[in-house]
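1. what's the 3D shape of this:
(4 chains)
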There are 2 protein chains.
Amino acid sequence: MDGKAYIAQRPKRADGRRNYDAILAAARKAFESTGADASLEDIASQAGVAIGTLYRHFPTRASLVEAATRDGLENLVAHAERLSGAADPLDALTAWMREAVAHFSTFRGLVGILAQSMYDEGTPSHTMCNAMHRSGADLLRAAQAAGSVRPDLTPDELFDLLSGAAWVREQAAGDRDGSPRFLQLVLEGITIPRA
Amino acid sequence: MDGKAYIAQRPKRADGRRNYDAILAAARKAFESTGADASLEDIASQAGVAIGTLYRHFPTRASLVEAATRDGLENLVAHAERLSGAADPLDALTAWMREAVAHFSTFRGLVGILAQSMYDEGTPSHTMCNAMHRSGADLLRAAQAAGSVRPDLTPDELFDLLSGAAWVREQAAGDRDGSPRFLQLVLEGITIPRA
DNA sequence: TTGACATCCTGAGGGTGCCTCAGGTTAAAT
DNA sequence: ATTTAACCTGAGGCACCCTCAGGATGTCAA
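-> Next up, the predicted model:
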């Protein structure tokens, strides 16, 4: 199983690259404003390209979403590595969690796709999700080792909590954004008060 | 604004009632197996009825979902009333929360609709959601009065937590159902240990 | 029993979106 | 200049949504 089979490769010919980029830009805009179920035909026409061209570069909707959000996930992983070994592991973990929730709710419907990708191999985003999973797990372990977080919390559970927070955030888009509060409650729920 | 304007009325003629019931039964089965986005044309044909008949009784998909899940919500409210004034308000609250999560994830996509209905008036399920909100708020208040739950938790936040738990549950359908654990974490997070 | 009629049912049809594929075009390598 | 693999196009088949004009029928009152 070559995981990359699903991942759109950046094309080599100049016109191909141009269109690839245009489609990606249009997709980002459309996802932002409409959600992950934006019309692919709209995206194509917005990119000034026929629908077949979009499918050539991104054979599935998931692959397009993956390409449109790869940067964000990479940043998340990079940030985790920067934070690892911080003076206060709990601060590091909470800061990262906040960022993770923010990214997960970049647009409506993303968190569902990511949650799917997390445990479903053969999904475009699966590789990136795995990397993120490892990053988060490291930060969690450190915070647990420092005695700041309940030791029985597993990485999977951490991601369930993060996903839940992101989902709540995307539901209440705009007004009544209960997400900071949700995450706050979760954080206070899993941390161990400094005696 | 008459909230009932959207709610499908049980038709009066015998054939109408028959079809209404058949559609509802087919819808329940379809939602159960496919999710809230099941094909309405499939539901109609499964009920042995033309598509126009389905739309006659249930002008919108939301109204059909509402009708298919009304019983469950009513039970939830009734159960809350039965639990109110229980000897141990915390037990009552947790029992009710578990039941609520179970109902919210009756089928894939329901919790999203309910979360929407909760704060969006003019939605078919809004009335029922309001009733449920009140029930939950009562149980929460009691548990808080007993000193068992952190006093700053609002009913809205409680429902965000419940929705999040239900959403996580519906994501991990089948294997790896992290939902009991999720709710457990949330509960331990919001309760105040008995000194 | 028999109208009369409001209620109900039907299903074709127009709209949107998904995705494929046969055929035409073009960048790039030789 | 030729070749060719990469690329692009957009019509078309499929599924689903939702509406509406016209036909069928249950109900009730006479």
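2. count the neighbours of residue A:81 for me.
-> 11 (other C-beta atoms under 10 Å in any protein chain shown). To be clear about C-beta, it is placed using only N, CA and C from the backbone, and glycine gets the same treatment.
3. quickly check: the helix or strand harbouring residue A:159 near chain B or not.
-> Using DSSP states H and E, residue A:159 maps to helix A:155-171. Yes: using C-beta under 8 Å from any C-beta of the partner chain, helix A:155-171 reaches chain B at A:156, A:157, A:160, A:161, A:163, A:164, A:165, A:167, A:168, A:171.
4. endpoint to endpoint, stretch A:57-64 covers what distance?
-> 8 Å (C-alpha to C-alpha, to the nearest Å).
5. would you check that residue A:177 makes contact with residue A:169?
-> Yes: counting by C-beta atoms under 8 Å, residue A:169 is a contact partner of residue A:177 at 6.2 Å.
6. which one of the two is surrounded by more residues?
-> Neighbour totals were compared for residue A:177 and residue A:169, and residue A:169 leads with 22 against 15 (other C-beta under 10 Å).
7. which residues touch that one?
-> Residue A:169 is in contact with A:101, A:105, A:177, A:178, A:179, A:182, counting by C-beta atoms under 8 Å, 6 or more residues apart in numbering or on different chains.
8. can you list the residues of chain A near DNA strand D?
-> Within chain A, the positions lying close to DNA strand D (C-beta under 7 Å from any atom of the strand) are A:11-13, A:15-16, A:18-19, A:49-53, A:55-57.
9. who wins for neighbours among the residues you listed?
-> residue A:57 leads these on contacts (other C-beta under 10 Å) with 23 neighbours.
10. that residue reaches residue A:19, doesn't it?
-> Yes: counting by C-beta under 8 Å, residue A:57 touches residue A:19, with 6.9 Å between them.
11. quick check: neighbours shared by the two?
-> residue A:11.
12. give me every residue in chain A lying close to chain B.
-> So chain A meets chain B at A:112, A:115-116, A:119, A:153, A:156-157, A:160-161, A:163-165, A:167-168, A:171-172, A:176, A:178, A:181-182, A:185-186, A:188-190 (C-beta under 8 Å from any C-beta).
13. in PyMOL, how would I select just the buried ones from these?
-> In PyMOL, this line selects whichever of the residues of chain A next to chain B come out buried by 16 or more other C-beta atoms under 10 Å in any protein chain shown:
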select buried, chain A and resi 112+115+116+119+153+156+157+160+161+163+164+165+167+168+171+172+178+181+182+185+186+189+190
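14. so stretch A:67-76, near DNA strand C or not?
-> No: using C-beta under 7 Å from any atom of the strand, stretch A:67-76 never reaches DNA strand C; the gap is at least 14.3 Å.
15. so for that stretch, mean pLDDT?
-> The average of the pLDDT scores along stretch A:67-76 is 98.
16. domain map for chain A?
-> A:9-59, A:62-190 (automatic domain parsing).
17. by contact count, what packs against the longest helix seen in chain A?
-> Once chain A is assigned using DSSP state H, the helix that runs over the most residues is helix A:61-83. Packing partners of helix A:61-83 (3 or more C-beta pairs under 8 Å, 6 or more residues apart in numbering or on different chains; DSSP states H and E): helix A:14-34, helix A:40-46, helix A:89-104, helix A:110-119, helix A:126-145.
18. quick one: low-confidence ranges for chain A?
-> A:1-7, A:195 (pLDDT under 70).
19. OK, now which residue of it is nearest to chain B?
-> For chain A and chain B, the shortest gap (C-beta to the nearest C-beta) falls at residue A:189, measuring 1.8 Å.
20. contacts only, for the residue nearest the centre of chain A.
-> The residue lying closest to the centre of chain A (C-alpha atoms, centre = their mean) is residue A:104, at 4.5 Å. With contacts defined as C-beta under 8 Å, 6+ apart, residue A:104 is in contact with A:110, A:111, A:114, A:162, A:163, A:166.
21. which two of the residues you listed have the greatest separation?
-> Within these, A:110 and A:162 form the most distant pair, 12.6 Å apart (C-beta to C-beta).
22. residue A:123 contacts residue A:116, correct?
-> Yes: look at residue A:123 against residue A:116 with C-beta under 8 Å: they come within range, at 6.4 Å.
23. the nearest residue to residue A:80 once chain neighbours are set aside - how many residues pack around it?
-> Residue nearest to residue A:80 in three dimensions, not counting chain neighbours: residue A:135, with 3.4 Å by C-beta to C-beta, 6 or more residues apart in numbering or on different chains. Close neighbours of residue A:135, defined as other C-beta under 10 Å, add up to 22.
24. again with residue A:109
-> 17.
25. what sits up against stretch A:144-153?
-> A:88, A:89, A:90, A:93, A:140, A:143, A:190, A:191, A:192, A:194, B:185.
26. go again using 7 Å as the cut-off
-> Contacts made with stretch A:144-153 from outside it, assessed by C-beta atoms under 7 Å, 6 or more residues apart in numbering or on different chains, are listed as A:89, A:90, A:93, A:140, A:143, A:190, A:191, A:192.
27. how about stretch A:172-189?
-> Contacts of stretch A:172-189 (C-beta under 7 Å, 6+ apart): A:94, A:97-98, A:101, A:108, A:161, A:165, A:168-169, B:119, B:156-157, B:160-161, B:164, B:185-186, B:188-190.
28. and the spatially closest residue to residue A:66 that is not a sequence neighbour, how far is that from residue A:62?
-> Distances taken as C-beta to C-beta, 6+ apart place residue A:124 nearest to residue A:66, at 3.7 Å, with adjacent residues excluded. From residue A:124 over to residue A:62 the distance is 5 Å, taken as C-beta to C-beta, to the nearest Å.
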